[in-house]
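Engineer: A structural model of the following input is requested.
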Amino acid sequence: MLKAKLITALLFFTALSYSQEMDLKALKLALAQRAIVVEENNNMVEYDLDGVHIYLVTDESANRMRLMAGVIEQAKLKEEDLVVLMEANFDRALDAKYALSNNVLWSVFAHPLRELEKEQAIDALYQVKNLVKNYGGTYTSTDFVFGGNDNE
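Structural biologist: Numbering: from 1, shown residues only. Below is the predicted model:
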């Protein structure tokens, strides 16, 4: 029994030692395999994924990254839209969320950069795109809905 636990622990720590921390170069490469690079400028990259312009903004010294895409001008939102968006953030938006900044409604995914896995980054890219595409409809980032939907 002790031998099995030691082997399990050894395998776990060996796997950890081989895991590679994400950096800007690796993240840009992973996303460029799925989306078209439109423009690149220092810590910002603009991608096109199925007609949605998604921006990658990173700060390696702060260990942060953000994927974001504009959805609609804030002035076009109605008060009741804000309630729907907040409900969607709770159960339908999953890892990407709706957020307001600079008079724009955004689809946003934020995460610590080094801890981000390649698969998470690719999934986040699609979730950000889906929130833009599904605005005004299902407001979902994936096919999965977490918890209860207040609108049903």
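Engineer: The closest residue in space to Ile72 that isn't next to it in sequence bridge partners, please.
Structural biologist: Spatial nearest neighbour of Ile72, chain neighbours left out: Leu105 (5.0 Å); criterion: C-beta to C-beta, 6 or more residues apart in numbering. From N, CA and C alone the C-beta is placed, and that goes for glycine too. Taking DSSP bridges as the rule, Leu105 bridges to Ile72, Leu100.
Engineer: could we number from 438 for the rest of this?
Structural biologist: New numbering, starting at 438: the last item is Leu542.
Engineer: Would you enumerate the residues in contact with Leu542?
Structural biologist: Shown in contact with Leu542 (C-beta atoms under 8 Å, 6 or more residues apart in numbering): Gly507, Val508, Ile509, Glu510, Gln511, Leu514, Leu522, Tyr535, Ala536, Tyr572.
Engineer: are any of those residues buried, and which?
Structural biologist: Neighbour-count burial (16 or more other C-beta atoms under 10 Å) is assigned, among those, to Gly507, Val508, Leu522, Tyr535, Tyr572.
Engineer: Is it correct that the fourth one falls within a helix?
Structural biologist: No - Tyr535 is assigned strand when assessed by DSSP: H, G, I helix; E, B strand; the rest coil, not a helix.
Engineer: Flag the shaky bits of the chain, pLDDT-wise.
Structural biologist: For the chain, applying pLDDT under 70 flags the ranges 438-456, 581, 583-589.
Engineer: quick one: the helices in it?
Structural biologist: Secondary structure of the chain (DSSP state H): helices located at 439-455, 461-469, 516-528, 555-570.
Engineer: okay, the angle between the third one and strand 534-538?
Structural biologist: Yep, that's helix 516-528 we're talking about. 140 degrees (axes from the mean of the first three to the mean of the last three C-alpha atoms, to 10 degrees).
Engineer: Now render the contacts of Leu542 as a markdown table, adding distance to Leu550.
Structural biologist: Below are the contacts of Leu542 laid out as a markdown table (distance: C-beta to C-beta, whole Å):
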| residue | distance to Leu550 |
| --- | --- |
| Gly507 | 22 |
| Val508 | 24 |
| Ile509 | 28 |
| Glu510 | 30 |
| Gln511 | 28 |
| Leu514 | 31 |
| Leu522 | 26 |
| Tyr535 | 22 |
| Ala536 | 19 |
| Tyr572 | 27 |
